[in-house]
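Novice: quick one: sequence plus predicted model below, questions after.
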Amino acid sequence: MSNKDLSSEQRKVMRIKDREKIRRKRQDPVYKRKRQLKEYLGKGLKNGFTATSKLGKVVGCDSEALKEHLISTAIKNYGYYSDTEEYECDHVIPTHSGKTVEEVENLYHKDNTQLLYPRHNRVKGDKHDFDLQVYIEMEKEGKV
């Protein structure tokens, strides 16, 4: 949906939210670091990074090792991995639970990441104790 399709009220709400994000980014170092790491991780997975880079030090490996780790989590969660499937990178312990910059950085370590189907990531949301295998069984039985 383009901005032209939005009503003036919707555009006004978007501007207010954008200003709030900018304000928080300037004033809250924890929020700023979360936004930075999310952006860096997305770009890093596309463009690559080394283990000695700033992102590599936070994640604990280089981009190839992270991709291998994420693929192994898809195999663990679903029994297979396919390049044609759409996955999302999920944090097992949600990043919002980090209250300091150091805690947030620890939550971006590769051991706290996994690949999930988008629908499973939406259902999991910010839950730390989500049991994916139970949910998959419920899906198969038509209970969800």
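Specialist: Looks like it arrived, so ask away. Numbering: from 1, shown residues only.
Novice: shaky segments in the chain?
Specialist: Within the chain, the set of residues satisfying pLDDT under 70 comprises 1-4.
Novice: which stretches of it form strands?
Specialist: Per DSSP state E, the chain has strands spanning 88-91, 113-116. These are given in chain order.
Novice: would you mark the buried spots in the first one?
Specialist: Of the residues in strand 88-91, those buried under the neighbour-count criterion (16 or more other CB atoms under 10 Å) are 89-91. No exception for glycine: its C-beta is placed from N, CA and C like everyone else's.
Novice: how far out from the middle of the chain is that strand?
Specialist: Centre-to-centre, strand 88-91 and its host chain are 4 Å apart (CA atoms, centre = their mean, to the nearest Å).
Novice: still on that earlier bit, so which of the strands of the chain comes closest to residue 123?
Specialist: strand 113-116 (9.1 Å; CB to CB).
Novice: in that closest one, what counts as buried?
Specialist: Neighbour counts over strand 113-116 (16+ other CB under 10 Å) mark 113-116 as buried.
Novice: quick one, helices of this structure?
Specialist: With DSSP state H, the ranges of helices along the chain come out as 8-27, 29-47, 54-59, 63-78, 101-107, 118-124, 132-140.
Novice: can you put these in JSON lines and add mean neighbour count?
Specialist: Output for the helices of the chain, formatted as JSON lines (neighbours: other CB atoms under 10 Å):
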{"stretch": "helix 8-27", "mean neighbour count": "11"}
{"stretch": "helix 29-47", "mean neighbour count": "15"}
{"stretch": "helix 54-59", "mean neighbour count": "18"}
{"stretch": "helix 63-78", "mean neighbour count": "16"}
{"stretch": "helix 101-107", "mean neighbour count": "17"}
{"stretch": "helix 118-124", "mean neighbour count": "15"}
{"stretch": "helix 132-140", "mean neighbour count": "13"}
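Novice: which among those helices is found nearest to residue 95?
Specialist: Comparing those by their distance to residue 95 (CB to CB), the top pick is helix 101-107, with 4.8 Å.
Novice: tell me the one of the buried residues of strand 88-91 nearest residue 144?
Specialist: residue 90 (18.1 Å).
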